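Peer 1: Using only what follows, build the 3D model:
(chains A and B)
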Amino acid sequence: MTGFFTLLHKELLRFWKVGFQTIIAPMISTLLYLLVFFHVLETRTEVYPEVAYAVFLIPGLIMMAVIQNAFANSSSSMIQSKISGNIVFVLLSPLTYHAIFFAYILASIARGLLVGLGVYLVTLIFFDIPLLLPWWALLFVILGSAILGVLGLIAGILADKFDQLAAFQNFIILPLTFLSGVFYTIHSLPTGWQYLSHFNPFFYMIDGFRYGFFGVSDISPHISLLIVFVCLAAISFLAIQLLRSGYKLRQ
Amino acid sequence: MMLPAIEIKRVCKNFGGLRALVDVDLEIYSGEFFALLGPNGAGKTTLINIIAGLSLANSGSVHVMGHDVLMQYQQARRNLGVVPQELVFDPFFSVREVLLIQSGYYGIKRNDRWVDEIIERLDLTDKADANMRSLSGGMKRRVLVAQALVHKPPVIILDEPTAGVDVELRQTLWDFIQQLNQDGHTIVLTTHYLEEAETLCSRVAMLKAGRIIALDSMQNLIGKLTPPGNSVRMRLLPDRLPLALQPLKKSCNNGLYELRIDNYAQIEFILSVLRAEDTQIQEMHLQQPDLEDAFVSLIRNSGNKLQ
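Peer 2: Residues are numbered from 1 along each chain as shown, chains lettered A, B, ... in the order given. Here you go, the predicted model:
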């Protein structure tokens, strides 16, 4: 286990040493989103009974920050190591595929949670945000950041250059995030879009996370939990197979 | 019989249509200082990568200290330290952090004493707490060597470790590596500085176009592949070789006569003939066959057969 803990420690240090870029900057971006949306949409009607729109928005924005940073952590670490060549130090070592996988994913979860916690604590200064079911919120935020950490790892392994990684981020992760109900409830969408939203796994993460705050969700949190868990298991299996086969890592 | 530290059996590796390694069979014994030589693109690094698990062979098997590099990859890698050819580094950490992290990958928790010793032996003490980004190329090379040694592997592979580094580092590095070899570590070296291989290594394999074209002790290889005896090259004034020395003449290039000598006593004979003929020596070199001669001869002669 020492090897695994060392790699995890190294991955944590990697983002901690550049904390302004990896933690503070995304927190500020998220708070700016909140500031802009709050001023533009403060007169908008309540989405849930007795929940102001800004307050409704906060869990969605927190989750958005969490998943974007979880993805950024594993993907940038992997591709930087590949392109600079220092991935050899991990590949030459007796670390198992599982140890490599879990170290990268736990570091992604940690960064996602740190950014999310930072945003949450700052918003608490300005808003009265209920957190009715904290364990549900914690469960979904961990699973959500784990899914994005795994997707980041897969993208980092598959991409040969930063350009390809940016394409993955901009054409897959960003649209799935923005169309997942961060800014709205899917009941406010036309029927066709509502139907399509059910195929977006990010929707279940955000809906389940919001359930932890308000005790209200678009669909049952148990179904969301099941879907999120199945998604995580499926992509984790794929990522471990990639590590095991050495695809794009070992020639 | 000695246990092979590295055992390579019928290894083939293709990159698309390129046959990088063709049926390579090789055994490197425990405690050897072994040279793996060949021109650029011969397959040396590919072979090292397969031994290290950085590249996967299309067929064949490789064992390190008796452990299959695929099926028992953890044990195989614990027994192996590799200094890669590329100058790679992790820009987030200092030298000491890098070495302690690398130790951790091998399951070693408290390795400060050995890490301090490597740092000292490789003259990295002043830079131990410096970030990797701030180091010169030579210093980064030293750290690569140190990283390969953190877990005290019985088998150490150095892929062109002295490429582009100054004389001082080379001397420091070779002193350290020779000490490790004397302590029982098996050393495999690739280098384009053939005099290094000749001085340090006891056995040599030469690769060309993915095949081993020679495998022998250093002494035998030089003996077999170079013309017997030494020779002496001279520039004379007047530019004329006395008749008595004509039977010894091997060649004459740009006024430089090359004479074959079977023993050093012949030099006195050559000098006496030149004195008698009132001929002055303007320039003189004593030539001894070396690995470079053997290398050139082998690569040249195997050319047609292997293309």
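
Peer 1: Any idea how far the helix or strand containing B:Val145 is from the middle of the chain?
Peer 2: Assigned by DSSP states H and E, B:Val145 falls within helix B:137-149. In this view, helix B:137-149 has its centroid 17 Å away from the chain centroid, taken as Cα atoms, centre = their mean, to the nearest Å.

Peer 1: Residues touching that helix, excluding its own?
Peer 2: Residues outside helix B:137-149 that contact it (Cβ atoms under 8 Å, 6 or more residues apart in numbering or on different chains) are A:89, B:81-84, B:87-89, B:95, B:98-99, B:102, B:115, B:118-119, B:122-124, B:127, B:132, B:135, B:156-158, B:161-162, B:164-166, B:169, B:173, B:176, B:180. In short, each C-beta sits where N, CA and C put it, glycine included.

Peer 1: Now a PyMOL select for only the buried ones of those residues.
Peer 2: To isolate the buried members of these in PyMOL, using 16 or more other Cβ atoms under 10 Å in any protein chain shown:
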select buried, (chain A and resi 89) or (chain B and resi 81+82+83+84+88+89+95+98+99+102+115+118+119+122+123+124+127+132+135+156+157+158+161+162+165+169+173+176+180)
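
Peer 1: Show me what the following helix or strand past the helix holding B:Val145 is packed against.
Peer 2: Note on helix B:137-149: by DSSP H and E, the next helix or strand toward the C-terminus is strand B:155-159. In terms of contacts (3 or more Cβ pairs under 8 Å, 6 or more residues apart in numbering or on different chains; DSSP states H and E), strand B:155-159 is packed against helix B:44-52, strand B:80-83, helix B:137-149, helix B:167-182, strand B:186-190.

Peer 1: what lines up beside strand B:155-159 in the sheet?
Peer 2: In the sheet, strand B:155-159 lines up against strand B:80-83 (parallel), strand B:186-190 (parallel) (DSSP bridges).

Peer 1: Throw those into TSV and include mean pLDDT, thanks.
Peer 2: What follows is these, written out as TSV (pLDDT from 0 to 100):
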stretch	mean pLDDT
strand B:80-83	94
strand B:186-190	93
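
Peer 1: Spit out the contact partners of the most centrally placed residue in chain A.
Peer 2: With distances taken as Cα atoms, centre = their mean, the residue of chain A nearest its centroid is A:Ile67 (1.4 Å). A:Ile67 makes contact with A:Gly112, A:Gly144, A:Ser145, A:Ile147, A:Leu148, A:Ile173, A:Thr177, A:Phe202, A:Met205 under the criterion Cβ under 8 Å, 6+ apart.

Peer 1: Wait, the fifth one touches A:Ile173, no?
Peer 2: Looking back up the chat, that one is A:Leu148. Yes - counting by Cβ atoms under 8 Å, A:Leu148 touches A:Ile173, with 7.4 Å between them.

Peer 1: Now the common contact residues for these two.
Peer 2: A:Ile67, A:Gln68, A:Phe71.

Peer 1: in which helix or strand would I find the second one?
Peer 2: Of the helices and strands defined by DSSP H and E, A:Gln68 is found in helix A:53-84.

Peer 1: Following element in sequence after that helix, please.
Peer 2: helix A:88-91.

Peer 1: Which parts of that following helix count as buried, going by neighbours?
Peer 2: Within helix A:88-91, the residues scored as buried using 16+ other Cβ under 10 Å are A:Val88, A:Phe89, A:Val90, A:Leu91.

Peer 1: Check what pLDDT the last one gets.
Peer 2: The predicted structure scores A:Leu91 at 94 on the pLDDT scale.

Peer 1: among the helices and strands of the chain, which has the poorest mean pLDDT?
Peer 2: The chain I'm using is chain A. Least confident helix or strand, chain A: helix A:191-197 with a mean of 82, by mean pLDDT, DSSP states H and E.

Peer 1: The chain in question should be chain B.
Peer 2: The helix or strand of chain B with the poorest confidence is helix B:303-306; it has a mean of 45 (mean pLDDT, DSSP H and E).

Peer 1: and whichever residue of chain B sits closest to chain A, what does it touch?
Peer 2: Nearest residue of chain B to chain A (Cβ to the nearest Cβ) works out as B:Gly104 at 2.7 Å. Neighbour list for B:Gly104: A:Thr2, A:Gly3, A:Phe5, A:Thr6, A:Leu7, A:His9, A:Lys10 [criterion: Cβ under 8 Å, 6+ apart].

Peer 1: picking that back up, send me the helix holding B:Val145 as PDB with only the CA atoms.
Peer 2: Presented in PDB, the C-alpha positions along helix B:137-149 are these (Å, rounded to 0.1, in the frame of the first residue of the first chain):
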ATOM      1  CA  GLY B 137      20.900  19.200 -18.100                       C
ATOM      2  CA  GLY B 138      23.800  17.500 -16.500                       C
ATOM      3  CA  MET B 139      22.200  17.800 -13.000                       C
ATOM      4  CA  LYS B 140      18.900  16.400 -14.300                       C
ATOM      5  CA  ARG B 141      20.900  13.500 -15.700                       C
ATOM      6  CA  ARG B 142      22.300  12.800 -12.200                       C
ATOM      7  CA  VAL B 143      18.900  12.900 -10.700                       C
ATOM      8  CA  LEU B 144      17.700  10.300 -13.300                       C
ATOM      9  CA  VAL B 145      20.600   8.000 -12.200                       C
ATOM     10  CA  ALA B 146      19.700   8.600  -8.600                       C
ATOM     11  CA  GLN B 147      16.000   7.700  -9.300                       C
ATOM     12  CA  ALA B 148      17.000   4.400 -10.800                       C
ATOM     13  CA  LEU B 149      19.000   3.500  -7.600                       C
END
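
Peer 1: show me the contacts for residue 86.
Peer 2: No chain specified, so I'll use chain A. Counting by Cβ under 8 Å, 6+ apart, A:Asn86 makes contact with B:Val88, B:Phe89, B:Asp90.

Peer 1: not what I meant, chain B
Peer 2: Here B:Glu86 is in contact with A:Gly85, A:Val88 (Cβ under 8 Å, 6+ apart).

Peer 1: Just say helix, strand or coil for it.
Peer 2: Put simply, B:Glu86 is coil when judged by DSSP: H, G, I helix; E, B strand; the rest coil.

Peer 1: Of all residues in the stretch 1-150 of chain A, which one is closest to chain B?
Peer 2: Residue of the stretch 1-150 of chain A nearest chain B, by Cβ to the nearest Cβ: A:Thr6 (2.7 Å).

Peer 1: Spatially, what comes nearest to that residue if we skip its sequence neighbours?
Peer 2: Spatial nearest neighbour of A:Thr6, chain neighbours left out: B:Gly104 (2.7 Å); criterion: Cβ to Cβ, 6 or more residues apart in numbering or on different chains.

Peer 1: if you skip the residues just before and after it, what's nearest to whichever residue of the stretch 151-251 of chain A sits closest to chain B?
Peer 2: When scored by Cβ to the nearest Cβ, the stretch 151-251 of chain A has A:Gln251 as its residue closest to chain B, at 4.2 Å. Spatial nearest neighbour of A:Gln251, chain neighbours left out: B:Ser55 (4.2 Å); criterion: Cβ to Cβ, 6+ apart.
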